[in-house]
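> sequence-free structure coming up:
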């Protein structure tokens, strides 16, 4: 099915374009959203409406339904597809639904932590992370579903670990199959310039849209407190907004002018387009576009106006990297053991352990005893939750199960100065980065970490590792077997076989040897 897709066509042709965000919240009537979509479709330069999915962690309208109705009114939808409360099966079925509806554009996101979440285990809320979701969508694309995949990145991080990991994770998303990059929200043009330089120097040949949020007084107050996660407004900008809203128009002219100036600067910096949020009124969007074009010649002068950032914040190309911290005794000891006992290499020791664990695996009572012993060792040291797919060695001996979002490929965009957005403690990825930095292994954080096989939960990861049945970087099952084939349920409709091989030999004999994305690892 050949579908006209203005977003893809504009970005592929290098035409500066606009995507307007439609927040499908419970507080907005669906009929009102569709009325807005009808009017936005008539604005020149607007190539898509981006339909949010439970933004801020609150329940809202179904973005697929809203997007389908918006398209019927002339506005091409860009559907936010998040990992929240959606396992691999549900994600695949959503992709099949989008394919059946002829919707091509998806924005793959981790998603905000649900406000109504209780005591569910992390995997019940986040079965995949955003990199794994991009990989799944790309596999669907290689099976004939023509998706255009957008991903998010937040350059507006002002500690070294947060900032560097955002860029590391962006590279993982690109390698997984992303077509387009959209920034999160910020008002610091040095960071916009930093991201563009990083992308150019790393030869990431993907169009980038800059987020331009039309900031109202109410939104500024919330964002100054870090709500929703990942959004931040500096005290200086907040004070300016408070002054502006005292005007007769409640500050509307000032915020529209600010948005237009930001668009002009982004165009001057070489961005591919603007992602407009905070105001979706068609006449306001039209004014922002026209005004930004009138300001084009002044973009360098206007760039200086947007420097709302914390004092002494980290900038990637400024050279203010902190000295590497000394690694703790435990990771140093484990590294030494890995050198003395290289079980990841073919040899007498590995061959012995493979034979030993084959014997263990054939005796359920013994396999259970090994799993219990392994858990007793790992739980107090790393917070192990017996996932059966241990990737400690790929994450500098930090367990991903201790992340509230169960992420395996890097932090979400909600970190704030190294703090987790969900619980009051440091983000686990700060420790991963700092340990890798002190060991000179930051480059080793780049490989894609596949999602765990949930059917291996509460089985020994030692047994699974040596028998080659777990899901981890480098395992042959992670390269020759598509992610779709490791979905947790058997009934997968039209999209996947439902087959989950247990051993390498079984995979080789029963799964077509199609190396999906193997080169990207």
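Alright, I've got the coordinates. Quick caveat: nothing in here was measured; it's all calculated off a predicted structure.
> Lowest-scoring secondary structure element of this structure by mean pLDDT?
Sorting the helices and strands of the chain by mean pLDDT, DSSP states H and E puts helix 504-510 at the bottom, at a mean of 37.
> What distance do you get for residue 438 to residue 390?
For residue 438, the distance to residue 390 (CB to CB, to the nearest Å) stands at 22 Å. No exception for glycine: its C-beta is placed from N, CA and C like everyone else's.
> So which of these two has more stuff around it?
Ranked by neighbour count (other CB atoms under 10 Å), residue 438 and residue 390 place residue 390 first, with 24 against 18.
> Please work out how many residues are found near the nearest residue to that one once chain neighbours are set aside.
Nearest residue to residue 390, sequence neighbours excluded (CB to CB, 6 or more residues apart in numbering): residue 461, at 3.7 Å. When neighbours are defined as other CB under 10 Å, residue 461 has 23 of them.
> Surely residue 448 forms part of a helix?
No. Membership of residue 448 in a helix is not supported by DSSP: H, G, I helix; E, B strand; the rest coil, which gives coil.
> What distance do you get for it to residue 321?
Between residue 448 and residue 321 the distance, using CB to CB, works out to 25 Å.
> which of those two has more neighbours?
Here residue 448 and residue 321 are compared on neighbour count by other CB under 10 Å; more neighbours surround residue 448, at 20 against 11.
> wait, doesn't that one sit right on residue 172?
Yes. Checked against CB atoms under 8 Å, the pair residue 448 and residue 172 is within contact range at 6.0 Å.
> between these two, what contacts are shared?
Residues touching both residue 448 and residue 172 (CB atoms under 8 Å, 6 or more residues apart in numbering) are 131, 409.
> Name the nearest residue to the residue at minimal distance from the centre of the chain, ignoring sequence neighbours.
Nearest to the mean C-alpha position of the chain, by CA atoms, centre = their mean, lies residue 130 at 3.7 Å. Once its chain neighbours are removed from consideration, residue 130 has its nearest residue in residue 110; the separation is 4.4 Å (CB to CB, 6+ apart).
> Contacts only, for that neighbour.
82, 83, 84, 126, 129, 130, 405, 407, 412, 413.
> quick one: the residue nearest to the centre of the chain from residue 115, how far?
20 Å.
> Count the residues that sit near residue 132.
27.
> Let me know the next secondary structure element after the host helix or strand of it.
Per DSSP states H and E: residue 132 is located in helix 130-142. Later in the chain than helix 130-142, the nearest helix or strand by DSSP H and E is strand 148-153.
> report the angle between the axes of that next one and helix 130-142?
Using axes from the mean of the first three to the mean of the last three CA atoms, to 10 degrees, the inter-axis angle of strand 148-153 relative to helix 130-142 is 170 degrees.
> who touches strand 148-153?
Residues contacting strand 148-153 (CB under 8 Å, 6+ apart): 5, 7-8, 78, 104-109, 130, 134, 137-138, 141, 166-167, 169-170, 173-174, 177-184, 195, 413.
> now stretch 37-49
6-7, 9-10, 16-22, 67, 69-70, 73-78, 105, 273, 280-282, 285-286, 289.
> Among those residues, which ones are in helices?
Residues from these lying in helices, with DSSP state H as the criterion: 6, 7, 9, 10, 67, 69, 70, 282, 285, 286, 289.
> Would you point out the most distant pair within those?
Using CB to CB, the pair of these lying farthest apart is 69 and 289, separated by 24.6 Å.
> got the residue ranges for the strands in the stretch 51-200 of the chain?
Ranges of strands in the stretch 51-200 of the chain, per DSSP state E, counting those that start in this stretch, are 77-82, 105-109, 148-153, 180-183.
> In this structure residue 271 contacts residue 209, no?
Yes. Using CB under 8 Å as the test, residue 271 is close enough to residue 209 to be in contact (6.5 Å).
> still on that earlier bit, of the ones in helices among the contacts of stretch 37-49, which is the most crowded?
The most crowded member of the ones in helices among the contacts of stretch 37-49, judged by other CB under 10 Å, is residue 67 (31 neighbours).
> can you pull the contacts of it?
Contact criterion CB under 8 Å, 6+ apart gives 49, 51, 77, 78, 79, 103 as the residues in contact with residue 67.
> Give the closest residue to the first one in space, chain neighbours not counted.
What it means is residue 49. Counting by CB to CB, 6+ apart, residue 75 is the residue found nearest to residue 49 once chain neighbours are left out, at 4.5 Å.
> From residue 109, how far out is the one you found?
Noted for residue 75: a distance of 20 Å to residue 109, by CB to CB.
> ditto for residue 403
Look at residue 403 and residue 109: by CB to CB, they are 16 Å apart.
> Can you show me the helices along the stretch 301-450 of the chain?
329-340, 348-361, 364-382, 428-438 (DSSP state H, counting those that start in this stretch).
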